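Undergrad: sharing a model prediction with you, sequence too.
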Amino acid sequence: MNKSVYYLLIILLIILSTSCDIYDYFITNDRPVAYAGEDQTVSVGEEVTLDGSGSYDPEGKNLGYKWFPFDGPEDIPENAEVYIKSYLSKIATFFSDYPGTFVLLLVVTDGNKDSKPDKITITVSL
Ligand SMILES: [Ca+2]
């Protein structure tokens, strides 16, 4: 094979490989989608399991999870015990010994992009 034809083929291969899927693979990254699960109603003092396993990333990347409080009763006393345990895990636990409506958010990340927050409402009744 003529040397210049050989080099031309190599260059053509490089152009093809960078302009097609290999190139796309590195530049395309869609946001993951958070799913905080169905709203729940529990009794005061009952633990609520928060399950974010319905969340996903379009590229199938491993997800990081973050649960945080968004809204709750305004008259909540200082000595009330309200917490989210394992708030950086796929499965977390919410607890409140005070009744009311609590709104939590889940945001997931693929390590590069964050999802939009997904909301879950937890009604803690007496
Ligand atoms: Ca992604």
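TA: Cool, got the structure.

Undergrad: what mean pLDDT does stretch 61-80 have?
TA: Mean pLDDT, computed over stretch 61-80, is 95.

Undergrad: revised request: answer the last question for stretch 30-44.
TA: The model assigns stretch 30-44 a mean pLDDT of 97.

Undergrad: same thing with stretch 4-20?
TA: The average pLDDT within stretch 4-20 is 73.

Undergrad: what about the lengthiest helix in the chain, distance to the chain center?
TA: Longest helix in the chain by number of residues (criterion: DSSP state H): helix 3-19. A distance of 41 Å separates the centroid of the chain from that of helix 3-19, by CA atoms, centre = their mean, to the nearest Å.

Undergrad: what do you get for stretch 35-50?
TA: 18 Å.

Undergrad: and it, which residues are buried?
TA: 35-37, 40, 42, 48, 50 (16 or more other CB atoms under 10 Å). Bear in mind the C-beta positions are built from the backbone N, C-alpha and C, glycine included.

Undergrad: once you drop chain neighbours, what's closest to whichever residue of the chain sits closest to the ion?
TA: Using CB to the ion, Asp110 is the residue of the chain that sits closest to the ion, at 3.8 Å. Once flanking residues are discounted, Asp110 sits nearest to Lys61: 4.0 Å by CB to CB, 6 or more residues apart in numbering.
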